[in-house]
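# Sharing a model prediction with you, sequence too.
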Amino acid sequence: MALSLPPWGWWPLAIVGVASFHVAVSDASNRRQRVAIATAFGFGWLAMGMGWMWQLTVPGYIVSAALFAVWHGLAELAVPVGRWQVLGRPAAHTLVEALRCSFPFGGVPLATLGISQAGGPLAGIARIGGVLLITWVTLQAGVALATLARTARRPDPVATAALVAALGFAAMAFVAPRGSGTGRFLDVAAVQGGGEQGTRAIDVPTRLVTDRHLAATATIETSEELDLVLWPENVIDTVDFATSAERAAVTAEAARLGVPFAVGVTEDVSGQDDRITNAQVVVTPDGSLTSRYDKVRRVPFGEYVPLRGLLESIGAPVDQVPTNAIAGTTPAVVDLPDGTPVGVVISWEVFFGGRAREAVNYGAEVIANPTNGASYTGTIVQTQQVASSRLRAIETGRWVVQAAPTGFSAFVSPDGDVLERTAVSERAVIERRVELRGGLTWYARLGDAPFIVAVAIVLVATIAATTLRRRRRSEGEPADPHLEAVP
């Protein structure tokens, strides 16, 4: 399962992993064993897939991997034994994934099955039901295939129907709405300043990061085609951006190129020494600050410390995150001077389908993902973020432009194809003409809620069917040949 995730990206292994898990847990002799096997399954998958969290918070990484693994273990308590487990098991584990996408601390949607399928044929399902529908299809396909392999002489009709349903969503994705072109285009230059990977903000002078991006921007030649320059997340860190030297430097480049800049700014909150904001700000060639979006989904233990007082009292190293970022409250959109609405999902927010969905429902015609993964060594977080940008593009039917200070920066098409991607640590400017798009996919219209409800209904129905079958058997009805004799 873990190897199906980026940076490894062997997507078929997710289905193989699910099938193997189903065989192992189906052969367990009692409920305690099923819980233990499911917990081990979840831990192996998530501890490896979320390995980059170690560099953010070691205690948080250990707790997260263990907690979510236990959730998958507990999900087995709701899975009925017998023939209906082929439907109940995928439903129960999909609901666990839905839970961890929203709880605790607003959700930790890392190493999801959706991310594992971003480069495979199931990715298109995102335009129907987002990551959670991909999760269910992957789980259901794996469980159904394992069941059919074990009942090859007399195929289980429930497993057959379940597999057909899963494949039906994959087929439906080819005809589902994808948004539509408007006939208007935006020429965007995404700037990557470069620099060493695996460095924290407290170790690198912020002005050095800003200067690297100014130097990279200076390589852009003036062009009548260029419409926007995108800088990554928080490459400017200042007390007050409006009165800063950094604003003057950005304005000078905007004036030279004659186009607006969207720059990532971290600044202090006036009157609150321990509070900061993380925003994307539009700067025009005359120096005006015309639009702004403040990040809503903050990274727990990265941008703020939940339960800071409690953790501090027990000796946790909360001083590594000395300030708390405050959450923004505005829609995930900035307006360019010509009125073009650009969706903005800042860094961590790209892992949440709801942020990009909000943007397109507020009229965004293209999506920007300014991010900053410079603190992390390796490429686990960077590749999973590109995969998430691919899913957001498919879910919304929009182009996504990702800009990072040390990589990866990329352009992603509405079908999820990565057309350009930088290397880690290089200084680069990538430029592309992207079409502005309108219209809504099914996922953009519906969101996650209908699919969560549908999966919950399936789980309840399997439990009810199993209970009813047991009752009938106790009253003397002949046993069903497909009913497994598992305690």
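Cool, the structure landed.
# What's the mean pLDDT across the one helix or strand Val35 maps to?
Assigned by DSSP states H and E, Val35 belongs to helix 31-49. Throughout helix 31-49, pLDDT has a mean value of 96.
# same for it, what does it pack against?
Packing partners of helix 31-49 (3 or more Cβ pairs under 8 Å, 6 or more residues apart in numbering; DSSP states H and E): helix 12-26, helix 58-75. To be clear about C-beta, it is placed using only N, CA and C from the backbone, and glycine gets the same treatment.
# wait, which of those is closest to Val158?
Among the helices and strands packed on helix 31-49, the nearest to Val158 by Cβ to Cβ is helix 12-26 (13.4 Å).
# by how many degrees do the closest one and helix 58-75 diverge?
Helix 12-26 and helix 58-75 are oriented at 60 degrees to each other (axes from the mean of the first three to the mean of the last three Cα atoms, to 10 degrees).
# Need the contact partners of helix 12-26.
For helix 12-26, the surrounding residues in contact (Cβ atoms under 8 Å, 6 or more residues apart in numbering) are 1, 3-4, 34, 37-38, 41, 45, 76, 85, 89, 113, 116-117, 120, 138-139, 141-143, 145-147, 149-150, 484, 486.
# how many degrees apart are that helix and helix 31-49 in direction?
160 degrees.
# any idea how this protein splits into domains?
For the chain, the structural domains run 2-177+447-474, 182-440, going by automatic domain parsing.
# show me where the stretch 151-300 of the chain has helices.
157-172, 206-217, 245-257 (DSSP state H, counting those that start in this stretch).
# what's the distance between the last one and the middle of its chain?
In terms of Cα atoms, centre = their mean, to the nearest Å, the gap separating the centre of helix 245-257 from the centre of its chain is 33 Å.
# Disregarding residues adjacent in the polypeptide, which is nearest to the residue most central in space within the chain?
In the chain, the centroid-proximal residue (Cα atoms, centre = their mean) is Phe351; its distance is 2.0 Å. Among residues not flanking Phe351 along the chain, Pro109 sits closest, at 4.6 Å (Cβ to Cβ, 6 or more residues apart in numbering).
# where does that neighbour land on pLDDT?
93.
# Next, the contact list for it, please.
Arg100, Cys101, Val131, Phe351, Phe352.
# mind listing the strands in the stretch 351-487 of the chain by residue range?
366-370, 400-403, 410-412, 418-421, 428-438 (DSSP state E, counting those that start in this stretch).
# in the fourth one, what's buried?
Looking back up the chat, that one is strand 418-421. Neighbour counts using 16 or more other Cβ atoms under 10 Å place Val418, Arg421 of strand 418-421 among the buried residues.
# and it, how far out from the chain's middle?
That offset, for strand 418-421, works out to 18 Å (Cα atoms, centre = their mean).
# Repeat that for the second one.
If you compare the mean C-alpha spot of strand 400-403 with that of the full chain, they lie 14 Å apart, counting by Cα atoms, centre = their mean.
# Okay, buried residues for stretch 98-107 please.
Buried residues in stretch 98-107, counted by 16+ other Cβ under 10 Å: Ala98, Arg100, Cys101, Phe105, Gly106, Gly107.
# got the contact list for Arg89?
Per Cβ under 8 Å, 6+ apart, neighbours of Arg89: His22, Val25, Glu76, Val79, Leu139, Val143.
# mind redoing it with 6 Å?
Val79, Val143 (Cβ atoms under 6 Å, 6 or more residues apart in numbering).
# on that earlier part again, comparing the strands of the stretch 351-487 of the chain, which yields the minimum mean pLDDT?
Sorting the strands of the stretch 351-487 of the chain by mean pLDDT places strand 418-421 lowest, at a mean of 94.
# tell me what that strand is packed against?
strand 410-412 (3 or more Cβ pairs under 6 Å, 6 or more residues apart in numbering; DSSP states H and E).
# same for the strand it packs on, what does it pack against?
Counting contacts by 3+ Cβ pairs under 6 Å, 6+ apart, strand 410-412 packs against helix 380-396, strand 400-403, strand 418-421.
# okay, these, which one's buried deepest?
Of all the helices and strands packed on strand 410-412, strand 400-403 carries the top mean neighbour count, a mean of 30, counting by mean count of other Cβ atoms under 10 Å.
# packing partners for it?
Short answer (3+ Cβ pairs under 6 Å, 6+ apart): strand 400-403 packs on strand 180-192, strand 366-370, helix 380-396, strand 410-412.
# Can you tell me the strand partners of that strand and which way each runs?
strand 366-370 (parallel), strand 410-412 (antiparallel) (DSSP bridges).
# Pull out the C-alpha coordinates of that strand and format them as CSV.
Only the C-alpha atoms of strand 400-403 are listed here, as CSV (Å, rounded to 0.1, in the frame of the first residue of the first chain):
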residue,chain,number,x,y,z
VAL,A,400,-3.4,24.4,-11.4
VAL,A,401,-0.1,26.3,-11.2
GLN,A,402,2.1,25.2,-8.3
ALA,A,403,5.0,27.3,-7.2
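# Count the residues that sit near Arg275.
Arg275 has 14 neighbours, counted by other Cβ atoms under 10 Å.
# tell me the contacts of it?
Per Cβ under 6 Å, 6+ apart, neighbours of Arg275: Val269, Asn324, Ile326.
# bridging residues for it?
On the basis of DSSP bridges, Arg275 takes part in beta bridges with Asn324.
# so what pLDDT did it get?
pLDDT, read off for Arg275, is 92.
# From Pro109, how far off is it?
Between Arg275 and Pro109 the distance is 26 Å, computed by Cβ to Cβ, to the nearest Å.
# Next, find the distance separating Val259 from Glu253.
For Val259, the distance to Glu253 equals 9 Å [Cβ to Cβ].
# Then Thr377?
31 Å.
# between those two, which one's more packed in?
Between Thr377 and Glu253, Glu253 has the larger neighbour count (other Cβ under 10 Å), namely 21 against 14.
# so what's that one closest to, chain neighbours aside?
Excluding the flanking residues, the one nearest Glu253 by Cβ to Cβ, 6+ apart is Thr217, at 5.1 Å.
# Just give the number of residues close to Pro12.
For Pro12, the tally of surrounding residues (other Cβ under 10 Å) stands at 12.
# do Ala111 as well
Residues contacting Ala111 under the criterion other Cβ under 10 Å number 28.
# That one contacts Met50, correct?
Yes - at 5.0 Å, Ala111 counts as touching Met50 under the criterion of Cβ atoms under 6 Å.
# what bits of this structure have low per-residue confidence?
Within the chain, the segments meeting pLDDT under 70 span 201-203, 476-487.
# Quick one: closest of the helices and strands packed on helix 31-49 to Pro177.
Checked against Cβ to Cβ, the stretch from these lying closest is helix 12-26, at 26.2 Å.
# separation between Leu214 and Tyr293?
For Leu214, the distance to Tyr293 equals 22 Å [Cβ to Cβ].
# ok, the two, which is more surrounded?
Ranked by neighbour count (other Cβ under 10 Å), Leu214 and Tyr293 place Tyr293 first, with 26 against 19.
# Spit out the contact partners of Tyr443.
Going by Cβ under 6 Å, 6+ apart, Tyr443 touches Arg127, Gly129, Gly130, Glu395.
# any idea how far Val175 is from the nearest residue to the second one once chain neighbours are set aside?
The spatial neighbour of Gly129 that comes closest, neighbours along the chain excluded (Cβ to Cβ, 6+ apart), is Phe451 at 4.5 Å. If you measure Phe451 against Val175 using Cβ to Cβ, the figure is 18 Å.
# ditto for Ala66
Noted for Ala66: a distance of 42 Å to Val175, by Cβ to Cβ.
# what about those two, which has more around it?
Between Ala66 and Val175, counted using other Cβ under 10 Å, the more crowded position is Ala66 (15 against 7).
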